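1. Predicted model, plus sequence, below.
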Amino acid sequence: QMKMVEINAKLLSQFDSLNSHHNTTEIISYINDVEHQHHHSLFHYDSISKKLRIREKQTLRIQCFIQRALPESILHVYLPTEPKSNHRVERNTTLINEDKTYRTLLTTTFVVTKYYHKKRIYCEGNQKIHDNNYKLLSDGLEMDVSFAPTCHTTFVSYFYTGKNRAVNLTCQMNDANPHRLNFTWILPSGQKRIGNLINATTSYLTIHPSIEDFGTIRCRAQNDFSGIGECDIKMILG
């Protein structure tokens, strides 16, 4: 009968999987190797809390394996579901050990998104002995995903005003991880302003517009992992 289901994770690339042309596979960490953990600002496993820290848009490989079982076992990996699932099973293999027991390996890859944040991943082994079905779970991994802020509105805002009239422009972001955001306002002339915080996700800018300030004003929010979100406001003379 199977005694243990193991799980580990490998980061396939340091680069954003959706935005990079780098194809080099780089193994950053085996998360079960507690004594030889690699510390990486964007990929780290905490063996105490069992949290896996990773950033969005990176490709992660999850490996489930059973070293020894008799009779052979079947593996499943449980991943958080999301609107656009991108899971891909790379390998599902059972081999015979020298002692005539079976070892089973299941490998799945996927691109991490913010939907995985605070969700758990684990492996399940299934084995049938006579008429009894046995199930055994691995340790679970809780995902701590760093993700960028996004603009609260999905469209460009329009603001009509006259020259030299004091106006307040407001920019609101959806939540991010890490939560703390730094806001920068970029005027059509290229000039940058800091603005003022209303709360953790909202900034406003007071401006007395000159003729050069009419056009697209961009509000940019950035968190501690350099995730960037932007809102555009079209200021129109009128």
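-> Alright, I've got the coordinates.
2. pLDDT below threshold where in this structure?
-> For the chain, residues meeting the criterion pLDDT under 70 lie at 14-42, 82-85.
3. Tell me the spatial nearest neighbour of the spatially most central residue of the chain, not counting adjacent residues.
-> Against the mean C-alpha coordinate of the chain, by C-alpha atoms, centre = their mean, the closest residue is Glu56 at 2.6 Å. Excluding its sequence neighbours, the residue lying closest to Glu56 (C-beta to C-beta, 6 or more residues apart in numbering) is Phe147, at 4.2 Å. From N, CA and C alone the C-beta is placed, and that goes for glycine too.
4. What's opposite that neighbour in the beta bridge?
-> Note on Phe147: beta-bridge partners by DSSP bridges are Asn177.
5. give me the number of residues near it?
-> When counting by other C-beta atoms under 10 Å, one arrives at 23 neighbours for Phe147.
6. pretty sure it contacts Pro178?
-> No: Phe147 lies out of contact with Pro178 (C-beta atoms under 8 Å); the separation is 9.4 Å.
7. what's the span of stretch 117-133, first residue to last?
-> 32 Å (C-alpha to C-alpha, to the nearest Å).
8. Now do the buried residues in it.
-> Residues of stretch 117-133 classed as buried under the neighbour-count rule (16 or more other C-beta atoms under 10 Å) are His117, Lys119, Arg120, Ile121, Tyr122, Cys123, Glu124, Gly125, Gln127.
9. Just send those residues back as TSV, with secondary structure and distance to Gly238 too.
-> Shown next, in TSV, are these (DSSP: H, G, I helix; E, B strand; the rest coil; distance: C-beta to C-beta, whole Å):
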residue	secondary structure	distance to Gly238
His117	coil	43
Lys119	coil	48
Arg120	strand	53
Ile121	strand	53
Tyr122	strand	58
Cys123	strand	61
Glu124	strand	63
Gly125	strand	68
Gln127	strand	73
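10. Looking at those residues, spot the one nearest Tyr78.
-> Proximity of the buried residues of stretch 117-133 to Tyr78 (C-beta to C-beta) peaks at Tyr122, which lies at 5.5 Å.
11. quick revisit: quick one: the residue nearest to Glu56 and Leu136, what's the gap?
-> Look at Phe147 and Leu136: by C-beta to C-beta, to the nearest Å, they are 33 Å apart.
12. Asn168: neighbouring residues, count only.
-> Neighbours around Asn168, by other C-beta under 10 Å: 11.
13. Any idea what the closest residue to Asn182 other than its chain neighbours is bridged to?
-> Take Asn182 and drop its neighbours on the chain: the residue closest to it by C-beta to C-beta, 6+ apart is Gln222, 5.2 Å away. Judged by DSSP bridges, the bridge partners of Gln222 are Asn182, Ile228.
14. Give me the domain ranges for the protein.
-> What the record gives for the chain is the domain set 6-146, 157-237, from automatic domain parsing.
15. Quote the end-to-end distance of the last one.
-> When you say that, I think you mean domain 157-237. Termini of domain 157-237 sit 14 Å apart (C-alpha to C-alpha).
16. Next one: Gln1 from Lys57, what distance?
-> Gln1 is 41 Å from Lys57, by C-beta to C-beta.
17. Could you check which of the two has the larger neighbour count?
-> Between Gln1 and Lys57, Lys57 has the larger neighbour count (other C-beta under 10 Å), namely 20 against 12.
18. Looks to me like Thr109 is in a helix.
-> No: Thr109 sits outside any helix when classified using DSSP: H, G, I helix; E, B strand; the rest coil, being strand.
19. show me what contacts it?
-> Residues near Thr109 by C-beta atoms under 8 Å, 6 or more residues apart in numbering: Leu12, Thr59, Leu60, Arg61, Ile62, His87, Arg88, Glu90.
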